[in-house]
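Participant: 3D model of this:
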Amino acid sequence: MLLRASSLALAAGLAFGAPAIAAADTAPVAAEHVAAPVTHPAPAASQDAARYADREQQNKQAANYEGGSVVIVGISGGAILVLLLLLLVLA
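Facilitator: Okay, here's the model as predicted:
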């Protein structure tokens, strides 16, 4: 019974909150031009880059490394969405 009430509260909050945000004052604001501060790379960053370059020279397979996959993020997000829908339907 408590889950059903919280589901209804969530649905009501989304139903009334989204249009309120969309209807917020969206008058254009004059842009102020501000010069960005000049940043110098930290010495630690250059030391890290040098260490990574040395490691890549030692191990040629490091050049073939590809980072994480978008598929994993998509599947995780889909699983969470399915779980939330099941909670709403079964509650």
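Participant: Can you list the low-confidence ranges for the chain?
Facilitator: 1-2, 18-29, 40-43, 45, 68-71 (pLDDT under 70).
Participant: From Arg51, how far off is the most centrally placed residue in it?
Facilitator: By Cα atoms, centre = their mean, the chain has its centre lying nearest to Val73, at 10.4 Å. Applying Cβ to Cβ, to the nearest Å, the value for Val73 to Arg51 is 29 Å. (Glycine included, C-beta is placed from N, CA and C.)
Participant: again, but for Ala11
Facilitator: 52 Å.
Participant: show me where this structure has helices.
Facilitator: Taking DSSP state H, the helices of the chain run over residues 2-22, 43-58, 70-90.
Participant: gap between the second one and the chain center?
Facilitator: Read that as helix 43-58. Remark: helix 43-58 is offset 28 Å from the chain centroid, using Cα atoms, centre = their mean, to the nearest Å.
Participant: quick one: contacts of that helix?
Facilitator: Ala62, Ala63 (Cβ atoms under 8 Å, 6 or more residues apart in numbering).
Participant: Buried ones in that helix, by neighbour count?
Facilitator: When burial is assessed from 16 or more other Cβ atoms under 10 Å, helix 43-58 yields no buried residues.
Participant: How many residues are close by Ser76?
Facilitator: For Ser76, the neighbour count with other Cβ atoms under 10 Å is 10.
Participant: Likewise for the one 10 residues further on?
Facilitator: The burial metric for Leu86, expressed as a neighbour count using other Cβ under 10 Å, is 10.
Participant: Distance-wise, check it relative to Ala79.
Facilitator: In terms of Cβ to Cβ, Leu86 sits 11 Å off from Ala79.
Participant: just Asp54 next, same as before
Facilitator: Distance from Asp54 to Ala79, by Cβ to Cβ: 40 Å.
Participant: Same check on Tyr65?
Facilitator: For Tyr65 relative to Ala79 (Cβ to Cβ), the value is 27 Å.
Participant: do the same with Leu10
Facilitator: For Leu10, the distance to Ala79 equals 19 Å [Cβ to Cβ].
Participant: how close does the residue with the largest distance to the centre of the chain get to Tyr52?
Facilitator: For the chain, the residue at maximal distance from the C-alpha centroid (Cα atoms, centre = their mean) is Gln58, at 34.3 Å. Distance of Gln58 to Tyr52, computed by Cβ to Cβ: 11 Å.
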